[in-house]
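Sequence below, structure please.
(one chain, ligands or ions: 1)
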Amino acid sequence: MQIETIETERLLLRPWRDADLEPFAQLNADARVMEHFPRVASRAESQALMARIRGHFDRHGYGFWAVELKRGDPFIGFVGLGTVPFDAHFTPAVEIGWRLAHASWGRGYAGEAARAALRLAFLELLLDEVVSFTVTANRRSRAVMERIGMRHADVDDFDHPHVPAGHPMRRHVLYRLGRAEWRALRAGVEDE
Ligand SMILES: CC(C)(COP(=O)(O)OP(=O)(O)OC[C@H]1O[C@@H](n2cnc3c(N)ncnc32)[C@H](O)[C@@H]1OP(=O)(O)O)[C@@H](O)C(=O)NCCC(=O)NCCS
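A predicted model of the protein is given here:
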C-alpha cells in the first residue's frame, strides 16, 4: 500500500520533493534543532538522509513524510513512521518520529501530524504497536510522545547502538503505544 498524502486541519504530510533539500539542510544545520543529536548535519548528510527516507517509502509505502503548512511554508520538516533501523530489545518495531524547523515549534504541528500518522499506523497498516525513542534529556520530544498517549517504562530504557559507548547521548528512553490503548484513548473523542 503506497500512502501518498495525509491531510490534517493545518498540514499536509506529503511525499518529498527535490526542492525540500534546501530547507531540510538548513534545519539539520541548526544547533537548536540538533541539540539532542551528537552533531549538526552537513548538506551532504541531509541529502543522504533524504534519499534514505525516500527509499523507505519505496520499500514500505509509508515513512517520514515531508510536512507542509496548508496556508504557508511548503516545508517545515518531517513527521512519520519508520521501521527501526537497528537491533534492540524492542525490535523489530515501527517508530514514530519528528523533526521540525525551529520557527515551527510551539504551535502543535508535531502533535497534529503525529496523531494522523498514528491513525494510519493502527487503522490502515494494522500495526499492533508503535514505539518512539529519544535521548533522556529531549524534553520537547518526550512531551510530544506523552501528549499523543505514548507511555514510558524505565525497564525499556536502552543504549542506542549507533552512539559510541561512553557518549552522553547514548542512553535513550523508549515510549510505546499499543493499538488497544490507542483505541481506548480515542473512545468518545473521535468517531471511527
Ligand atoms: C520535538 C519537536 C518536534 C517538538 O515540537 P513542539 O512544537 O514542541 O511540539 P508540538 O507540535 O506537540 O507543540 C506543542 C507546543 O505547541 C503549543 N501549541 C500552540 N498551538 C497549539 C495547537 N493549536 N495545538 C497544540 N499545541 C499548540 C503547545 O502549547 C506546546 O507548547 P509548549 O512547548 O510551550 O508547551 C521539536 O522540538 C523538534 O523538531 N525538535 C528537534 C528534533 C528532535 O529532537 N526530534 C526528536 C528526536 S527523537
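
tell me which element the residue nearest the centre of the chain falls in.
By C-alpha atoms, centre = their mean, the chain has its centre lying nearest to Gly97, at 1.2 Å. Using DSSP states H and E, Gly97 maps to strand 94-100.

what sits up against that strand?
With contacts defined as C-beta atoms under 8 Å, 6 or more residues apart in numbering, strand 94-100 is touched by 27-28, 33, 64, 67, 76-84, 109-110, 113-114, 117-118, 121, 125, 127, 129-133, 141, 144, 148. C-beta: built from backbone N, CA, C; applies to glycine.

6 Å - rerun?
Strand 94-100 has contacts (C-beta atoms under 6 Å, 6 or more residues apart in numbering) with 76-79, 81-84, 110, 114, 117, 127, 130-132.

Could you export the next helix or strand after that strand as PDB, CA atoms only?
Remark: after strand 94-100, the chain's next helix or strand is helix 109-119, criterion DSSP H and E. Output in PDB follows, covering the C-alpha atoms of helix 109-119 (Å, rounded to 0.1, in the frame of the first residue of the first chain):
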ATOM      1  CA  TYR A 109       2.200  20.900  14.400                       C
ATOM      2  CA  ALA A 110       4.200  17.900  15.600                       C
ATOM      3  CA  GLY A 111       1.300  16.600  17.600                       C
ATOM      4  CA  GLU A 112      -1.200  17.200  14.900                       C
ATOM      5  CA  ALA A 113       0.900  15.300  12.300                       C
ATOM      6  CA  ALA A 114       1.800  12.500  14.800                       C
ATOM      7  CA  ARG A 115      -1.900  11.900  15.600                       C
ATOM      8  CA  ALA A 116      -2.600  11.500  11.800                       C
ATOM      9  CA  ALA A 117       0.400   9.100  11.500                       C
ATOM     10  CA  LEU A 118      -0.800   7.000  14.400                       C
ATOM     11  CA  ARG A 119      -4.300   6.800  12.900                       C
END
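
all strands in this structure, in order from the N-terminus.
6-7, 11-14, 64-69, 77-83, 94-100, 129-135, 151-152, 158-159, 171-178 (DSSP state E).
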